[in-house]
Each structure stands twice: as C-alpha cells, then as structure tokens.
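Asker: Please find the sequence and the predicted model below.
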Amino acid sequence: PTQPRDECWQVQCREDSRVYSRHIWAPGWRKKAEEALARLRYALLGRYTCVPKTPRAFAKTVRLALMESVIFKGLLPKACQPPPTPQGVVLRGSNNIPVQAGDQVWLSVTVERAKSLQTPRHGEWTDQRTFCLEFPGRVVETLTGPFRARISHGSLGTFLWNPVLITQALSTPATLPFEEQYGPIVIGDEVLLSANQDKVVPLQFGHGGWSTRMSHGLGRFGRVTTIYQRGDVRLDVPGCGSFVWNPAVIEPPGQGCVTTLCAQASTSLDDEGAALFLLLLLGELRCDGEEAAEVAADVLAVLERAAEGQPGNELPTGLRPFAALMLLASVVDLGPCVHYPRVRLCHPELPEVHLRDCVDAEALDLLSTSPATLWDAAETGGISFADVVAGKAQAVPAVERWLLAFFCGRHRRLLEPRNMFSMI
C-alpha cells in the first residue's frame, strides 16, 4: 500500500478478514519494514559477536557491515534531504502582499473594516476576534474556496480570516510572545510530547480530557493535523492514535527526555532503532587485541566516505550529532551514559566524567585531529565535539545533547527557531 485509508484498513489474512486502525501502519510500511529488518539482522549479529564465549575473529567485518548499513542505507539519505517547509497556497493580503503558512502577520485594521470584510464564508465574526486585531499572530494554515488564513494568536484564539485583512506579513521562525514555551507550531509540524505523565494529566483538564490510551503517545513525536479555536492541537502519533492535546504538553524545540526516546527507539524496527544498536555495539565489536584507536579509525573512514559528493565534501549537518556519538562510542561505552544524569541527581557525590580520564592517548590524539573538531556547537546540540575532546565539556551531558539533537533532526519542525539547543 502507498496511502492509508481515512479511518481504517480491511486486511485479508488467508480466509479471515480483519479491520485495523490506520495508525498501525504508515504509507510504504512494507518497504521500510523490509529495510529496517535487514539493518536489525546486522545489529543482532553484532550483539551475538559480542558475547564473551563467541570467537571475535569476525568482529571487524560485522562492525563495518553494520556501519555501512545504518549510515548509507538508513541515516544518510534522510540527512541529505532539504529541510521541510510549511505547505499550502500563497495568499494575497492587503496591498497584494504575499502570505503563506508560517508567517508572522498583523491585522492592523479597524473593527468596522474587519467586520465588513469578514463574511460568513471566511468565518463568522465574534467579539473575541477584536483583541486579535491588536497583536501579531502566526499563520498556521492557508486554505482555498474561498481563500482564507487560519491564524493563531495563542490564548486569544485561532480563527479563520479573510487574507485581505492582513496588513503585514513576515517570514521568520522567531517566536512570538505566546510561543515562547513550546515554539512556533503550524499544521504539518512534527512535535515531541512530554514524557512526564504526572505533569501532562492535569494540563489536559479542559483541553480535550485524558484517556489511558493517550499514555502510549507520551515521549513520542506526533504530527500536527489540526489546531482548534482555543489553541488545542490534534496530534497523529504513529502506532498510538490521534488525540487532542494541550499545547503546554509539547516539549520546546531541542528539549525532551533522552531516556524515553532511547527506550522507544530500542524497541522499534526502524532506522533509529538500528542506529541505537550501532552505538551500543561499536565499543564491543573488537577483535582480540584490537585497540580503541583502530575502531575510531574505522568510524572516521566511514564518515569520510559519507562526506564524499556532499557540498564542500563535508558531512551533512543533520548527520553530525550521530557522527559525534559514533566517534565517542568507538572509544567508550555509551550504555551507562544515558542513565548517568538521573543517577547523579540522587548521588551528587559521584565524580564528573571527562573523556581524557577514560581514553588512551593514541585514541585521544586520533579524535583530536578528526574533522569533527571543526563542527559548530549549534550543529551538535549545543556542545561541540572539540570541547569534549579537549576536556572543556563533560562526556555524559554531551551524549545526552547529541542524542537529543539526533532524534530532533530526524523529526524536524517546519519552523525551527535559531539557537534551538541550549547549553546544559
């Protein structure tokens, strides 16, 4: 199948016919599942090779095959794609100014003029709309038949407007005052829900309510399909369903629970799951007598091949957080790093972890001369690879930020504000 049906699928299983929710499979699921299973086989083979009683003669071969599959067949194609942009028709506002989804707009007109131009076909006039004429808003969707713009003004409401009322439009991802908590949101965005159920349940009161089935969507990415008049959003979370959420439960850009994201990725048969397996196995996939520097050299060779043919022969920006994780995973075990921040909150007496304290000199010299040291901190979650190698930044917070940047890069927002990642 290439497209899901509107409500459900009827699947014929031999002589038995069953009906499934459309959220069970995404379009093109068969091809993607086949490719993901192939990558998972490599990961399981790598895990088997790491068992102590298993001979490690083929560890290098498995390591190279796993990196080849995950990078070139899984992550690289998507990292090379251009950033997503808001879709929809371009409308014409006052004085014929262009207006499109994602724009900041102003409706600087009198109430009398707004009432005269806001016909029933463009949306019934209500007194609440009066307050929207005094403040800027965000175009979240553009519609035809007739031409209309759905504009969000935060707590003031989200309404359909005649585009002729728009007197000024500015194409910028800069946040408006009512967007400071969760960032700019438009129809079609992929946003991350909070993983804290104790926080989410009270916030749902008066915003669509709470259902136990909604708990399966916490900590996951969902696509915005509708923004309602009161500002509530309907998110379609693959495999979990479509529900109405309070926008306050959406994580700000560049933030989220890394532990939850990793746990979900480890149980999914997709590119993210295979990538996480690769990070956990890199340090263990060594032949007898093989040093960490040799594993790091193999990782650098794979990354150099991935950069070939790219603009400036440089690794795509979207792949750099994962590349930094691969280089780190080649010399240290990343498994405990995901849980270390929570453990240290309970036991603050635990020492800080710096790369120079746990890596031999040969491997450290190799990492110090790698192209990754030239990457900007904004490209790797707010902590640069160079700072970690030089000992200016701790290794554990860097792993956390790089993992978050990796997952957010896989589910990019249509309007990404500048400096979306902040230092811990």
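Answerer: Structure's in. What do you need? Numbers count the residues shown, from 1 in each chain.
Asker: The strand or helix carrying residue 236 - which strands sit beside it in the sheet, and in what orientation?
Answerer: In this assignment (DSSP states H and E), residue 236 forms part of strand 233-237. Sheet pairing of strand 233-237 (DSSP bridges) gives strand 221-227 (antiparallel), strand 241-245 (antiparallel).
Asker: any idea how far the residue nearest to residue 100 when sequence neighbours are not counted is from residue 205?
Answerer: Spatial nearest neighbour of residue 100, excluding adjacent residues (CB to CB, 6 or more residues apart in numbering): residue 90 at 4.9 Å. For the C-beta atoms, the positions are set from N, CA and C on the backbone; glycine is no exception. Counting by CB to CB, to the nearest Å, the gap from residue 90 to residue 205 is 39 Å.
Asker: OK, contacts around the residue lying closest to residue 123 once chain neighbours are set aside?
Answerer: Leaving aside its chain neighbours, residue 123 sits nearest to residue 160 (3.7 Å; criterion: CB to CB, 6+ apart). With contact taken as CB atoms under 8 Å, 6 or more residues apart in numbering, residue 160 is in contact with 122, 123, 143, 148, 149, 150, 151.
Asker: what's the burial count for the residue lying closest to the last one once chain neighbours are set aside?
Answerer: Translated: residue 151. In space, and not counting its chain neighbours, residue 151 is closest to residue 137: 4.2 Å by CB to CB, 6+ apart. Number of residues near residue 137 (other CB atoms under 10 Å) recorded here: 26.
Asker: hey, what's residue 137 bridged with?
Answerer: residue 105.
Asker: Please apply the same query to the one 4 residues further on.
Answerer: Beta-bridge partners for residue 141, by DSSP bridges, are residue 150.
Asker: can you pull the pLDDT of the residue nearest to residue 100?
Answerer: Per-residue confidence for residue 90 comes out at a pLDDT of 93.
Asker: from what I can see it touches residue 142, true?
Answerer: Yes. Contact status for residue 90 versus residue 142: in contact at 7.3 Å, counting by CB atoms under 8 Å.
Asker: would you turn the strands paired with strand 233-237 into a markdown table with mean neighbour count, mean pLDDT and distance to residue 378?
Answerer: Shown next, in a markdown table, are the strands paired with strand 233-237 (neighbours: other CB atoms under 10 Å; pLDDT from 0 to 100; distance: least, CB to CB, whole Å):
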| stretch | mean neighbour count | mean pLDDT | distance to residue 378 |
| --- | --- | --- | --- |
| strand 221-227 | 19 | 92 | 21 |
| strand 241-245 | 19 | 91 | 29 |
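Asker: of those strands, which approaches residue 380 most closely?
Answerer: Among those, strand 221-227 comes nearest to residue 380, with 20.0 Å by CB to CB.
Asker: still on that earlier bit, and the strands paired with strand 233-237 as a markdown table, adding distance to residue 392?
Answerer: A markdown table is the format used below for the strands paired with strand 233-237 (distance: least, CB to CB, whole Å):
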| stretch | distance to residue 392 |
| --- | --- |
| strand 221-227 | 32 |
| strand 241-245 | 39 |
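Asker: out of those, which comes closest to residue 376?
Answerer: Nearest to residue 376, of those and by CB to CB, is strand 221-227 at 24.9 Å.
Asker: list the contacts for the residue of the chain positioned farthest from its centre?
Answerer: Distance from the C-alpha centroid of the chain peaks at residue 112, with 43.8 Å (CA atoms, centre = their mean). The contact partners of residue 112, taken as CB under 8 Å, 6+ apart, number zero.
Asker: count of residues packed around residue 161?
Answerer: 25.
Asker: Please enumerate the helices of the stretch 201-350 of the chain.
Answerer: Secondary structure of the stretch 201-350 of the chain (DSSP state H, counting those that start in this stretch): helices at 258-266, 271-282, 292-307, 320-329, 340-346.
Asker: Pick out the shakiest of those helices, pLDDT-wise.
Answerer: Sorting these by mean pLDDT places helix 340-346 lowest, at a mean of 46.
Asker: how far away is the residue nearest to residue 100 from residue 252?
Answerer: 29 Å.
Asker: Would you confirm that residue 142 contacts residue 99?
Answerer: Yes. With contact defined as CB under 8 Å, residue 142 reaches residue 99; the gap is 7.2 Å.
Asker: shared neighbours of these two, anything?
Answerer: Contacts common to residue 142 and residue 99, judged by CB under 8 Å, 6+ apart, are 90, 91, 149, 163.
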